[in-house]
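# Take this sequence and fold it.
(one chain, ligands or ions: 1)
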Amino acid sequence: MDDSERRSIVLVNPGLAPVRATVSTLYTAFRLNDPREIMPPHRHSINAARIGLTGEQNFTSVEGEPITFGPGDVVLTPANAWHNHGNQGDDFAVNVSILDLPLTEVLNAAVFEHDYKEEENGKMVSRREQSARYTDDHSYKTYGFGGLRPRFLDHHRGTGRHSPMYVYRWERTRELLEGFRDHDGSPWDAIQVEYTDPVNGRAAYPTMTFLGQLLRPGESTLPQQQNASQIMIPFHGNGHSIVGGKRFDWEPFDAVALPGGEWYQHFNGSVSEDANLFVASDEPTLKTLGFYHRQGKTADGEIIMLN
Ligand SMILES: [Fe+2]
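As a prediction, the model looks like this:
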């Protein structure tokens, strides 16, 4: 993190300063990677997800699984998993990270380690890159078939409290969203899918969940209010959101804070183009603690509880 932060822009919500947070529990940073650079490995108790924005060869190795990723792909670097970031392409690559860092700071639970070692001839030696222990298609080969699970593999990767699938490809998310294009969807969330742990169906992390959302041309959502805090990254199309009564116009690759407690709704600003949104939410934390609360307004303006 010390090394990689040099070319990161951290989105600090001035309302939460001096805490470095975008919403109360989540931290967002846009990162630029130069061509062909690989940062040294590190690990931390913080969970993170990285979403590719530009460049086809963003790179993250997670616990020996080398993952190359492009726009819209989501890569998990779970708590205490060694990872090193970089770019294997000849072009600059930009990605955005979302971390539960502010939550771990409130809990006094943030731990960082930078001295990555591997065994060599019976001795532990420091390394600047991770040796691959898995093939680069391991996550997809193992978990890319929804509803089917290889019985001969160990699915307990890392702490066992997060998804063992370390990359979710945009192409598959897009295909799933596309398959429901003609569905009514949710009046509050349109066509929205969750990135889940393929082994148990839970959120990818115990603290954070990630959502892919399609707003069809001209589509808008009805107002809703929840106490989960969210960060929304539009990466295709343009439109606006009303958050706490204020209008925020957005386009790729803005980031919109949806703080818990504020009423919000989204509008696709185009009558011919889709809008695709990536959303990170601290909803699993609130659900685990029994705090979660969500309500929405109907088309008639009546307020109803939503699950
Ligand atoms: Fe990290």
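
# from here on, contacts and neighbour counts on C-alpha atoms
OK.

# mean confidence for stretch 27-34?
Per-residue pLDDT values across stretch 27-34 average out to 94.

# The stretch 1-150 of the chain: strands as residue ranges?
8-10, 27-33, 43-44, 48-54, 58-62, 65-69, 74-77, 83-87, 93-99, 112-113, 117-120, 123-126 (DSSP state E, counting those that start in this stretch).

# Let me know which of these is the nearest to residue 286.
strand 93-99 (16.2 Å; CA to CA).

# Listing partners with orientation, what would you give for the closest one?
Each strand paired with strand 93-99, and its direction, by DSSP bridges: strand 27-33 (antiparallel), strand 48-54 (antiparallel).

# Convert that strand to CSV, retaining C-alpha atoms only.
What follows is strand 93-99 as a C-alpha-only set of coordinates in CSV (Å, rounded to 0.1, in the frame of the first residue of the first chain):
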residue,chain,number,x,y,z
ALA,A,93,-4.3,1.2,-16.8
VAL,A,94,-6.8,2.8,-14.4
ASN,A,95,-8.8,0.9,-11.9
VAL,A,96,-10.8,1.8,-8.8
SER,A,97,-10.6,0.1,-5.5
ILE,A,98,-13.2,-0.1,-2.8
LEU,A,99,-12.0,-1.2,0.7
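
# And the contacts of that strand?
Contacts of strand 93-99 with the rest of the structure, by CA atoms under 8 Å, 6 or more residues apart in numbering, involve 26-35, 46-58, 87, 280.

# circling back to that earlier point, and among the strands of the stretch 1-150 of the chain, the most buried is which?
Mean neighbour counts were compared across these using mean count of other CA atoms under 10 Å; the top stretch is strand 58-62, at a mean of 27.

# That strand pairs with which strands?
Next to strand 58-62 in the sheet, as set by DSSP bridges, lie strand 65-69 (antiparallel), strand 83-87 (antiparallel).

# was I right about residue 48 contacting residue 81?
No - contact status for residue 48 versus residue 81: not in contact, 10.1 Å apart, counting by CA atoms under 8 Å.

# How confident was the prediction at the nearest residue to residue 218 once chain neighbours are set aside?
Closest residue to residue 218 apart from its sequence neighbours, by CA to CA, 6 or more residues apart in numbering: residue 271 at 4.5 Å. The per-residue pLDDT reported for residue 271 equals 98.

# check contacts around the closest residue in space to residue 89 that isn't next to it in sequence.
Spatial nearest neighbour of residue 89, excluding adjacent residues (CA to CA, 6+ apart): residue 57 at 5.0 Å. Residues near residue 57 by CA under 8 Å, 6+ apart: 68, 69, 70, 87, 88, 89, 93.
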